[in-house]
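Peer 1: quick one, structure for this:
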Amino acid sequence: MAVIYADTKIGVGFHAGIAVDSSKSGVVTAMGTTRRIIKEINDRPAFEIYRKWAEGALDDVNPAESHAIWSRSFALVRVYNLAGNDVGEKVVVPIKVNPDFSMVTGADVSKGEHLYFATATKKAYIKRAGTIVQQALVDGKIKYPGLAGGVHYYCRGAAFSQFGKNKDNLQVLVNETNKKMKGRPYVGTFTAGEQGNITGYGIFMGNLTSAMAVFGF
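Peer 2: Below you'll find the predicted structure:
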């Protein structure tokens, strides 16, 4: 956690940019002992529903073995309304299946939330590396002539799953951020467990997400 007292403008962004499949969605109807254990979706065991959405990709997973699935899981997305008819996304990733077919997630979930099965493309992940810059500029009411620099956190899980860990392959994400920063300096890193703020909704943690802060005058 950091506290910044600045005499300059600061803008922040928090963006996933992941598309959802509206035909694969459900409401969380029961939780486990913590906010990171989904017990039921649509009144059925959570993994039973999730595995059905995956259409065969997780059929070999045996919940009786308390199976870790984080390396091959598909994201779940909550879509929520913001001011001005905009929408935001909160992304959570199932990381483990328990013998009772409940799922442990990488971020908090609440009973009653409507979750969508996510689809991801390389094009979307590239685009968001620049979109997050624009979001932060708008939030801070900073125009390009007054942009001084920024800090960009890009989820390594999202990046590595689509582009691998090879530096040359990841460069396409850096290029997109560079293009939107227009030569201004910034610190960029691939991290795990991104946290950020979206005006009109609040501060929270999400998975597979980008967070950005920009500074200017």
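Peer 1: what residues does residue 38 make contact with?
Peer 2: 28, 31, 32, 46, 94, 102, 103, 105, 109 (C-beta atoms under 8 Å, 6 or more residues apart in numbering). Any C-beta I mention is one placed from the backbone N, CA and C, and that applies to glycine too.
Peer 1: let me know the helix or strand that the first one is in.
Peer 2: Here residue 28, judged by DSSP states H and E, is contained in strand 19-31.
Peer 1: quick one: mean pLDDT for the next helix or strand after that strand?
Peer 2: Next in sequence after strand 19-31, counting helices and strands by DSSP H and E, comes strand 37-41. On average, the pLDDT along strand 37-41 is 98.
Peer 1: do stretch 98-115 as well
Peer 2: Mean pLDDT, stretch 98-115: 94.
Peer 1: and it, end to end?
Peer 2: Start and end residues of stretch 98-115 are separated by 19 Å (C-alpha to C-alpha, to the nearest Å).
Peer 1: next, count neighbours for the nearest residue in space to residue 155 that is not next to it in sequence.
Peer 2: Nearest non-adjacent residue to residue 155, counting by C-beta to C-beta, 6 or more residues apart in numbering: residue 208, 5.0 Å away. Applying other C-beta atoms under 10 Å, we find 26 residues neighbouring residue 208.
Peer 1: make 34 the starting number, not 1.
Peer 2: Understood, numbering begins at 34; the last thing we discussed is residue 241.
Peer 1: in what helix or strand does residue 241 lie?
Peer 2: Residue 241 belongs to no helix or strand, assigned by DSSP H and E.
Peer 1: what's the distance between it and residue 98?
Peer 2: 25 Å (C-beta to C-beta, to the nearest Å).
Peer 1: likewise for residue 249?
Peer 2: Between residue 249 and residue 98 the distance is 52 Å, computed by C-beta to C-beta.
Peer 1: ok, the two, which is more surrounded?
Peer 2: Per other C-beta under 10 Å, whichever of residue 249 and residue 98 has more neighbours is residue 249, with 21 against 9.
Peer 1: which residues touch the closest residue to the more buried one other than its chain neighbours?
Peer 2: Of all residues not flanking residue 249 in the chain, residue 175 sits nearest, at 3.8 Å (C-beta to C-beta, 6+ apart). Residues in contact with residue 175 (C-beta under 8 Å, 6+ apart) are 42, 44, 169, 247, 248, 249, 250.
Peer 1: sort out which of these are in strands and list them.
Peer 2: 42, 44, 247, 248, 249 (DSSP state E).
Peer 1: neighbour-wise, which of these leads?
Peer 2: Going by other C-beta under 10 Å, residue 247 tops the ones in strands among the contacts of residue 175 with 29 neighbours.
Peer 1: who's that one bridged to?
Peer 2: Under DSSP bridges, the beta-bridge partners of residue 247 are residue 44, residue 183.
Peer 1: good, wrapping up.
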